[in-house]
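starting from these lines, generate the structure:
(chains A and B)
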Protein chains: 2
Amino acid sequence: MQHKNPKALNLIRFVSVDNMMKTVLDIGIEKTIAGVAAQIEHDFKRWELFDKTPRLASHSALGVIELMPTSDGTVYGFKYVNGHPKNTKEGLQTVTAFGVLSDVDTGYPVLLSEMTILTAIRTAATSAMAAKYLAPAGARCMAMIGNGAQSEFQAMAFKTLLGIDSLRLYDIDARATDKCAANLAERGFGIIKCTSAKEAVEGAQIITTCTADKQYATILTDDMVRPGVHVNAIGGDCPGKTELQRDILLRADIFVEYAPQTRIEGDIQQLPQDHPVTELWEVMTGAAKGRTSGEQITVFDGVGFAIEDFSALRYLNDQLDATGRFESLDMIADPDEPRDLWGMVMRAAHTVVKAA
Amino acid sequence: MQHKNPKALNLIRFVSVDNMMKTVLDIGIEKTIAGVAAQIEHDFKRWELFDKTPRLASHSALGVIELMPTSDGTVYGFKYVNGHPKNTKEGLQTVTAFGVLSDVDTGYPVLLSEMTILTAIRTAATSAMAAKYLAPAGARCMAMIGNGAQSEFQAMAFKTLLGIDSLRLYDIDARATDKCAANLAERGFGIIKCTSAKEAVEGAQIITTCTADKQYATILTDDMVRPGVHVNAIGGDCPGKTELQRDILLRADIFVEYAPQTRIEGDIQQLPQDHPVTELWEVMTGAAKGRTSGEQITVFDGVGFAIEDFSALRYLNDQLDATGRFESLDMIADPDEPRDLWGMVMRAAHTVVKAA
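Modelled structure (predicted):
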C-alpha cells in the first residue's frame, strides 16, 4: 500500500481476524465481553436516539445475506452478515460478518473490522445482559442446548455477568459437546455433558437454546420448562427458523430487542402480530418491568439487532489507540482538490510509470 | 497481515484506491468505461433475475449514507455510499464509496473495493448507455452544466459510446469549468467554456445536468430545452434535490433506472406518483420504445441503482487475475473446525506470545 501523497483522509482503520483475536487476548475475553455488554447497555438506554430499521435481508435457497445499519446521529454503523447452516458441513462458518463505522457529518468510513468473532462476543454479551434483568436471582446453573461456535462465548458471558458456574451441555452431535466441554475445561465451571435436551434442562435456572438449523424445530418442548426459568432463545433468528414449542411462549413473558424485526425473525413468528412483548431497552430504562416473580417464565427471544453491532464496533474502536491492533487501508479517494477526481486518477500514471 | 495458517478461505481480494487508479490506467479509461457499460447493459437485459430494493438511506442534517444491495441469485453485491454536498468546502469528497461482492451459496465475501472512482465510472457509463437508446441520432454536441468530480467521466463516456466531440461547459464556479476543460484538453474535444447555463445549451443535442446542491434547484428552465433534445439529468438524486423545472418533465418522455427508487430520489419526485415513466431495461430488451421521433424530448432521470454497482464490481473482479492489482485481506474467520471459533481465538495466544 504505497501512496504518492500519503494523507490521513484516504485511510481507514482495519481490524483483521488476526488483530481481532489478538485484541481479545490482549484485553482478556471476560473483560472484552463485559466491555461490549456495558456499551450495549449504554446504547440501549438511549434507544430512542437511534435510527432503527429491520435488517435488509437477501434470502436464497441455501441461506441469507443481511445488512444491518443504524446511526445515533453522530456515528453510523452497519454490519454485513450471512447465515448459511449448510456451510458447516463444507468446512465453512455458518455465520461470517464484517462491519463498518462512519462519521455521520462527513459520511466518511473510519473503521472496517472483521465481525465473525465480534458478533459471537456481542451476541453472548446481549444474552447475558438481558439475563441480568430477567433470570431468577441467584441463578448458578445454565443448560446449553446447541454446542456450536456460539456456545463457549455464551457460557463465558453468563459467567462474567451473572456468575453462572454450572453448565449442562447437550448437542445432537456429541462431538460438539465434547469440543465445548474441552474448551471450557479450565474456566471454572462444573460441566455436565448430557445425552438429551430433557436431561440438560434438569435443575437449570437458565436454558440457552442456540442451534443452527434453518427450519422450524422444537428444541424445547413445553413440559421441559419449569416455572421460574429464564429461557435465552437465540437460535430462532430468521423466517422459518424457530426453536421453542409455541406453548412455552404462551406461558411466558417475552422480551425482545426490536419488536418489528423479532416478529419476522424470532421465535415469536409463531404468534399473532399483536401478541404482547416487551423491548429490552424499556426494561433497562425502567419504563417496563423485567422479572417480577419467582414463578414467572421469562423468554429472551434474541435475534441480534444492529445497535448491538454498533456498540461492539464502538467498543472496539475505543480500544485501538491503546492496543495498536489495526492496519490502515487506502479506501477513500482523496484528491487534493475535491472536484478533481479525474485529475487524481490520471496523475497516478506518473506513479505507475515509476513503479514499472 | 501475517497468519499462522494462511489459507485462501480467510482472505478476500481488496482493491485500494491506488490499485483502482492503476487498474484504470492499465486498461485505459475508454476501455474501462466501455467494459463497465457493456456489463451494465448485459445485467439490465436480465433485469427480472435480480433482487431489487430501493436503497437503504440514513439521512442527517448534512448528508446521507446509503447501502445499495442486489443479487442475481449467484452473486450478491452491495455498495456503501455517502452524499454530503458541504464536504467539498472542507476539502472532502461529496461522494465516497466502497463495495463488496459475495458468493450467494456460501455467503462469503470475495471482493472489497474502493468505489469512489468506480462509481464515477459506472455513473458515466450508465448515462452514456441510456443515451445510446435515447439521444437524437448523430448527436455530436453536449452541454454539461455542473463541472465537478463527475464531469470528465461523463464527457469521456459520451465520447466513447456516442462519439460526442463538442462540449459546452458551465458551472456556477468558473474554476470548476477551467479544471474540467484543462483535464479534457487533450482528449479530442472541441470545448467551449460558457458563462451561463443558457449559453451552454445553445446548439447542444444532449444536455447533462450534474450539480451537487442538496436542495430543490432549477438548473434547467423550460425555455432552455428545445424539441429533440436528450436531457441526461443525474444531479437530482435524493429527496429534496432536483435540477429540472417541472414543466420540462411534463413535455418529455421520462426514462429511469428503477421507478420505485427514482420516484423518491429523482427529478420526478416533483410529479404525481403515477406519472408514466419507462424503465431503461424495458427499452434495452425491446419491451418498450426509446426515442421515437426527432421532435421528442427525452429525459434520463438518473439516480444510480444497485445493479450498476454490481455490474461495475463484476467487471472489476473479472480483470483482477490479469491485472494483479489487488491485495489480500484477512477478513473471514476460518477455524480448522467450523464450530470451534472459540478454540481458534484462544489458540491464537501462542502466536501472540511468539510475536511478543
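
residues near A:Thr195, how many?
By other Cβ atoms under 10 Å in any protein chain shown, 10 other residues sit near A:Thr195. (Glycine included, C-beta is placed from N, CA and C.)

so what's it up against?
Neighbouring residues of A:Thr195 by Cβ atoms under 8 Å, 6 or more residues apart in numbering or on different chains: A:170, A:174.

that one belongs to a strand?
No: if the criterion is DSSP: H, G, I helix; E, B strand; the rest coil, then A:Thr195 is coil and not within a strand.

mind checking how far the residue nearest the centre of chain A is from A:Ile234?
Geometric centre of chain A, nearest residue: A:Thr123, 2.9 Å, by Cα atoms, centre = their mean. Distance of A:Thr123 to A:Ile234, given as Cβ to Cβ, to the nearest Å: 6 Å.

overlap in contacts of those two?
Common neighbours of A:Thr123 and A:Ile234, using Cβ under 8 Å, 6+ apart, are A:150, A:154, A:302, A:304.

can you map out the helices along chain A?
Taking DSSP state H as the criterion, chain A carries its helices at A:17-27, A:29-44, A:116-134, A:151-162, A:174-183, A:197-201, A:246-251, A:259-265, A:280-285, A:306-323, A:341-355.

can you give me the buried ones in the fifth one?
Right, helix A:174-183. Buried residues in helix A:174-183, counted by 16 or more other Cβ atoms under 10 Å in any protein chain shown: A:176-177, A:179-181, A:183.

and the residues you listed, which is closest to B:Ile164?
Distance to B:Ile164 across those (Cβ to Cβ) is lowest for A:Ala176, with 63.5 Å.

leaving aside the residues adjacent along the chain, what's closest to that closest one?
Nearest residue to A:Ala176, sequence neighbours excluded (Cβ to Cβ, 6 or more residues apart in numbering or on different chains): A:Asn147, at 4.1 Å.

ok, now which ones touch the one you found?
With Cβ under 8 Å, 6+ apart, A:Asn147 has these contacts: A:169-171, A:173, A:176-177, A:179-180, B:339.

make TSV out of these and add distance to A:Gln39.
Compiled in TSV, these are given as follows (distance: Cβ to Cβ, whole Å):
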residue	distance to A:Gln39
A:Leu169	29
A:Tyr170	32
A:Asp171	31
A:Asp173	34
A:Ala176	30
A:Thr177	32
A:Lys179	29
A:Cys180	27
B:Arg339	27
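
nearest to B:Phe50 among the shared contacts of A:Thr123 and A:Ile234?
Checking those against B:Phe50 by Cβ to Cβ gives A:Gly304 as the nearest, at 26.6 Å.

flag every residue of the stretch 201-350 of chain A that's near chain B.
For the stretch 201-350 of chain A, the residues in contact with chain B (Cβ under 8 Å from any Cβ of the partner chain) are A:327, A:329-335, A:337-346, A:348-349.

could you measure from the residue nearest to A:Leu220 when sequence neighbours are not counted over to A:Cys180?
Closest residue to A:Leu220 apart from its sequence neighbours, by Cβ to Cβ, 6+ apart: A:Leu244 at 5.2 Å. Using Cβ to Cβ, A:Leu244 is found at 21 Å from A:Cys180.

ok, A:Pro260 next?
According to Cβ to Cβ, A:Pro260 and A:Cys180 sit 33 Å apart.

could you break chain A into its assigned domains?
Following the assignment in automatic domain parsing, chain A carries domains at A:8-117+A:308-355, A:135-304.

turn those domains into JSON lines, including mean pLDDT.
Below are the domains of chain A laid out as JSON lines (pLDDT from 0 to 100):
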{"stretch": "domain A:8-117+A:308-355", "mean pLDDT": "92"}
{"stretch": "domain A:135-304", "mean pLDDT": "94"}
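
and the residue in the stretch 151-300 of chain A that chain B sits nearest to, what does it touch?
Across the stretch 151-300 of chain A, the shortest distance to chain B (Cβ to the nearest Cβ) belongs to A:Glu152, at 3.7 Å. Applying Cβ under 8 Å, 6+ apart to A:Glu152 gives the contacts A:180, A:183-184, B:342.

so what's it closest to, chain neighbours aside?
Using Cβ to Cβ, 6+ apart and skipping residues adjacent in sequence, the residue nearest A:Glu152 is B:Trp342, 3.7 Å away.

wait, that neighbour touches A:Phe153, no?
Yes: the criterion here is Cβ atoms under 8 Å, and B:Trp342 meets it with A:Phe153 at 6.5 Å.

who touches both of these two?
Common contacts of B:Trp342 and A:Phe153 (Cβ under 8 Å, 6+ apart): A:Ala120.

look up how far A:Ile172 lies from the nearest residue to A:Asp173 once chain neighbours are set aside.
Distance criterion Cβ to Cβ, 6+ apart; nearest residue to A:Asp173, sequence neighbours excluded, is A:Asn147 at 8.0 Å. To A:Ile172, A:Asn147 is 9 Å away according to Cβ to Cβ.

also A:Ser71?
A:Ser71 is 40 Å from A:Ile172, by Cβ to Cβ.

looking at the two, which is more packed in?
Neighbour comparison, A:Ser71 and A:Ile172: the larger count goes to A:Ser71, with 22 against 14 (by other Cβ under 10 Å).

the more buried one: what's it in contact with?
By Cβ under 8 Å, 6+ apart, A:Ser71 lies in contact with A:50-51, A:77, A:104, B:58, B:60, B:65.

dump the residue contacts of the residue lying closest to it once chain neighbours are set aside.
Using Cβ to Cβ, 6+ apart and skipping residues adjacent in sequence, the residue nearest A:Ser71 is A:Asp51, 4.4 Å away. A:Asp51 sits next to A:69-73, B:58 when contact means Cβ under 8 Å, 6+ apart.

out of those residues, which one sits closest to A:Lys86?
Of those, the one sitting nearest to A:Lys86 (Cβ to Cβ) turns out to be A:Pro69, at 27.0 Å.

run through the bridge partners of the nearest residue to the closest one once chain neighbours are set aside.
Leaving aside its sequence neighbours, A:Pro69 sits nearest to A:Phe78 (Cβ to Cβ, 6+ apart; 3.8 Å). Listed beta-bridge partners, A:Phe78: A:Pro69, A:Val100 (assigned using DSSP bridges).

wait, A:Glu30 touches A:Phe153, no?
No: counting by Cβ under 8 Å, A:Phe153 is not a contact partner of A:Glu30; they are 11.2 Å apart.

neighbour count winner among those two?
Shown here are A:Glu30 and A:Phe153; by other Cβ under 10 Å, A:Phe153 has more neighbours (25 against 14).
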